[in-house]
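Asker: Give me coordinates for this.
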Amino acid sequence: MDSDTRTRAAIEEHWRASEEGDDEAEHAIYAADAILDYPQSGERFRGRATISAQRGGHPADRHFTVRRIVGGGDVWVSECVITYDGVPTCSVSIMQFADGQVVHETQYFAEAFDAPAARSALAEPMPGRGITPDRLPPAG
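Answerer: Numbering: from 1, shown residues only. From the prediction side, this is the model:
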């Protein structure tokens, strides 16, 4: 198995474990001194234990739907829908790897929004989705 195949498998396992609430498996992908950044809030979490603790304390019922994983070498991107208490949020995770583990992850989150009518003649629905009102597929 080549390096990219192993990395993709590790990322898939991370998201599977996230969905199943398996804290240990979810965080096994991170180096002990990994960094997790949330640019929208300005927060940085340093270390696997801290990353795990901040996620473990989340009060919402969470579900993860992976739309796609792309990457190669040391940089991989996951596009997901994370549903918090039934409300879907789009998420992009950029993971930087060294020695087979995540050393730096940056996660961006965005709520769905209505498409402006002015673009309706130019746009088409993304596969599996409608433009309005069902902007995101049900997760879970």
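Asker: got the contact list for residue 61?
Answerer: When contacts are counted by Cβ atoms under 8 Å, 6 or more residues apart in numbering, residue 61 touches 84, 85, 86. Using the backbone N, CA and C atoms, a C-beta is placed for each residue, glycine as well.
Asker: Find the residue closest to the first one in space, skipping its chain neighbours.
Answerer: By that I understand residue 84. Leaving aside its sequence neighbours, residue 84 sits nearest to residue 60 (Cβ to Cβ, 6 or more residues apart in numbering; 4.1 Å).
Asker: The contacts of residue 61 into JSON lines, with extra columns for secondary structure?
Answerer: Converted to JSON lines, the contacts of residue 61 look like this (DSSP: H, G, I helix; E, B strand; the rest coil):
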{"residue": "84", "secondary structure": "strand"}
{"residue": "85", "secondary structure": "coil"}
{"residue": "86", "secondary structure": "coil"}
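Asker: Weed out the non-buried ones from the residues you listed.
Answerer: The neighbour-count test (16 or more other Cβ atoms under 10 Å) marks none of the contacts of residue 61 as buried.
Asker: related to what we said a few turns ago, I'd guessed the residue nearest to residue 84 sits against residue 89; true?
Answerer: No. Assessed by Cβ atoms under 8 Å, residue 60 is found out of contact with residue 89, at 10.2 Å.
Asker: More neighbours: which of these two?
Answerer: Counted by other Cβ atoms under 10 Å, residue 60 and residue 89 do not tie: residue 89 has more neighbours, with 16 against 11.
Asker: helix/strand/coil for the residue of the chain most remote from its centre?
Answerer: Within the chain, the residue lying farthest from the chain centre (Cα atoms, centre = their mean) is residue 121, at 31.2 Å. Counting by three-state DSSP, the backbone at residue 121 sits in coil.
Asker: same deal with residue 102?
Answerer: Relying on three-state DSSP, one would call residue 102 strand.
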